[in-house]
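Engineer: Let's see this in three dimensions:
(chains A and B)
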Amino acid sequence: MVIDSTPIAQQTPANDTADSATDVRMSNAAIDAQLKSIIADVLGVDAADAEEFTAETGLFGHLPELDSMAVAGLLTEIEDRLDIVIEDDDVDGEMLETFGGLLAFVEAKLTEG
Amino acid sequence: MIIESWQPPKVGDLPSPEEQWLTFDEGRKHRVLVLPALFDEANKMRRFTVEVMRRLDENGVDTALPDMPGCNESLAALDSQTLQSWRRTAQASALRFAATHCLTIRAGDLIGPCDLPGWKYAPTTGSKTLREMLRARVLAGREAAIHETRDELLEYGRREGLVLAGWPLGAQMICDLDTAEAVAPGPRTAIDQVQLGGSGLWLRAEPDESAEQSEALAELILADLYPDEDSAK
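Structural biologist: Prediction:
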């Protein structure tokens, strides 16, 4: 699996042009792909398996191998690859419970950044 | 492969219990001291590390993988260790094994002897290692309805020591890790994950292995040791 190592934040256009809605949608697809790739790396599953993740796919509390140390590694890797900072207070059960929750959190972080 | 005990030299009046190391030793020319990843990553990468040693052995290179005091099979108390005490053990292991090179894995480079050439695979900093363990404790606390923050824990840990992700760390170890910011420049060549292909096994939630990655790291080392040969010995 080849992963574009450019931080997503740098791929998001800074200007607000007519094309920005399209760019943002593409950017969201890229975030989705990056998150799936990180989770695949943490779980040790193939990229194809991670492709099947949906918003409802359960994470922390649903997958026994995702203990606190694994989630700590997951969050640190998200910070590194997506060039964001995740504060302790950002982390709550809802955000970590499903893939959709994590994706929404990261998208919001990138938007505010 | 031999697993045996050895006696590190005493430091002052401090007792120095026997420690275990795993060696492939046939008295060959190239002798590589292998310093493992630290803490949780050591468990996740143990098999990978030994598989690299096995491949080096098959290609004429001796290796030794020492336990650091307080880790793996060691009977020493982890909470009385510091990065400095591990550096001493690493240095003593290098002398005892008559190492010609050193391969460090991840944060293992923080304790690598500064006078040994070799390789540092995917080196990471002490502060990053520490922050991740602090984060694991914060997350585990949330599950138990305990609200802690990394900054508060770090401040406490620097004074009193702290159990992080099941690892009891003394105050000095936490201070050491927190300030071991720069990966020691040293004489070792950095090897990045991209050179091995795939994703780093330290990311895995469970210990895992990759024959391809072990092979790739061994090949890079062998290419350095035998630059005049087209393929590994």
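
Engineer: how about the helices in chain B?
Structural biologist: For chain B, applying DSSP state H gives helices covering B:40-58, B:83-97, B:126-143, B:150-160, B:171-179, B:193-196, B:211-225.

Engineer: which stretch among these comes nearest chain A?
Structural biologist: Distances from chain A to each of those were compared using Cβ to the nearest Cβ; the shortest belongs to helix B:126-143, at 3.9 Å. For the C-beta atoms, the positions are set from N, CA and C on the backbone; glycine is no exception.

Engineer: Quick one: list the elements packing against the closest one.
Structural biologist: The criterion is 3 or more Cβ pairs under 8 Å, 6 or more residues apart in numbering or on different chains; DSSP states H and E, and the helices and strands that helix B:126-143 contacts are helix A:68-82, helix B:150-160, strand B:162-164, helix B:171-179.

Engineer: Tell me how far the last one lies from the chain's centre.
Structural biologist: Read it as helix B:171-179. How far helix B:171-179 lies from its chain's middle: 16 Å, per Cα atoms, centre = their mean, to the nearest Å.

Engineer: Least reliable of the helices and strands packed on helix B:126-143 by average pLDDT, please.
Structural biologist: Within those, confidence is poorest for helix A:68-82, with a mean of 92 (mean pLDDT).

Engineer: Figure out how far that helix is from the centre of its chain.
Structural biologist: In this view, helix A:68-82 has its centroid 10 Å away from the chain centroid, taken as Cα atoms, centre = their mean.

Engineer: In three-state terms, label the residue positioned nearest the centre of chain A for me.
Structural biologist: Central residue of chain A (Cα atoms, centre = their mean): residue A:35, 3.4 Å from the mean position. Under the three-state scheme (DSSP: H, G, I helix; E, B strand; the rest coil), residue A:35 adopts helix.

Engineer: hang on, isn't it packed against residue A:77?
Structural biologist: No: counting by Cβ atoms under 8 Å, no contact exists between residue A:35 and residue A:77, whose distance comes to 10.0 Å.

Engineer: quick revisit: would you turn the helices of chain B into CSV with distance to residue A:63 and mean neighbour count?
Structural biologist: Below are the helices of chain B laid out as CSV (distance: least, Cβ to Cβ, whole Å; neighbours: other Cβ atoms under 10 Å in any protein chain shown):
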stretch, distance to residue A:63, mean neighbour count
helix B:40-58, 17, 21
helix B:83-97, 33, 20
helix B:126-143, 14, 21
helix B:150-160, 24, 15
helix B:171-179, 29, 21
helix B:193-196, 24, 15
helix B:211-225, 24, 18
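
Engineer: residue contacts, residue B:78?
Structural biologist: Remark: with contacts taken as Cβ atoms under 8 Å, 6 or more residues apart in numbering or on different chains, residue B:78 is in contact with B:69-71, B:167-169.

Engineer: nearest to chain A, of these?
Structural biologist: Among the contacts of residue B:78, and counting by Cβ to the nearest Cβ, the member closest to chain A is residue B:167, at 10.0 Å.

Engineer: Who are the contact partners of the closest one?
Structural biologist: With contacts defined as Cβ under 8 Å, 6+ apart, the neighbours of residue B:167 are B:39-40, B:78, B:133.

Engineer: With pLDDT added, can I get the residues you listed in JSON lines?
Structural biologist: As requested, the contacts of residue B:167 are exported to JSON lines (pLDDT from 0 to 100):
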{"residue": "B:39", "pLDDT": "96"}
{"residue": "B:40", "pLDDT": "94"}
{"residue": "B:78", "pLDDT": "96"}
{"residue": "B:133", "pLDDT": "96"}
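
Engineer: tell me which of these is nearest to residue A:66?
Structural biologist: Proximity to residue A:66 was ranked across the contacts of residue B:167 by Cβ to Cβ; first place goes to residue B:40, at 13.9 Å.

Engineer: So that closest one is in contact with residue B:133, correct?
Structural biologist: Yes: the pair residue B:40 / residue B:133 is scored as a contact, 7.4 Å apart, by Cβ under 8 Å.

Engineer: Check the contact lists of the two and give me the overlap.
Structural biologist: Residues touching both residue B:40 and residue B:133 by Cβ under 8 Å, 6+ apart: A:69, B:165, B:167.

Engineer: So residue B:198 is in contact with residue B:211, correct?
Structural biologist: No: in this structure, residue B:198 sits apart from residue B:211 without contact. The criterion is Cβ under 8 Å, and the distance is 10.9 Å.

Engineer: What does the pLDDT read for the residue of chain B most remote from its centre?
Structural biologist: Most distant residue from the mean C-alpha position of chain B: residue B:145, 33.5 Å away (Cα atoms, centre = their mean). Among the per-residue scores, residue B:145 holds a pLDDT of 88.

Engineer: who in chain B is up against chain A?
Structural biologist: If contact is defined as Cβ under 8 Å from any Cβ of the partner chain, the residues of chain B in contact with chain A are B:40, B:128, B:131-133, B:135-140, B:142-143, B:149-151, B:165, B:199-200, B:202-206, B:208.

Engineer: still on that earlier bit, format the helices of chain B as CSV; extra columns: distance to residue B:65.
Structural biologist: Below are the helices of chain B laid out as CSV (distance: least, Cβ to Cβ, whole Å):
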stretch, distance to residue B:65
helix B:40-58, 6
helix B:83-97, 9
helix B:126-143, 19
helix B:150-160, 29
helix B:171-179, 21
helix B:193-196, 19
helix B:211-225, 14
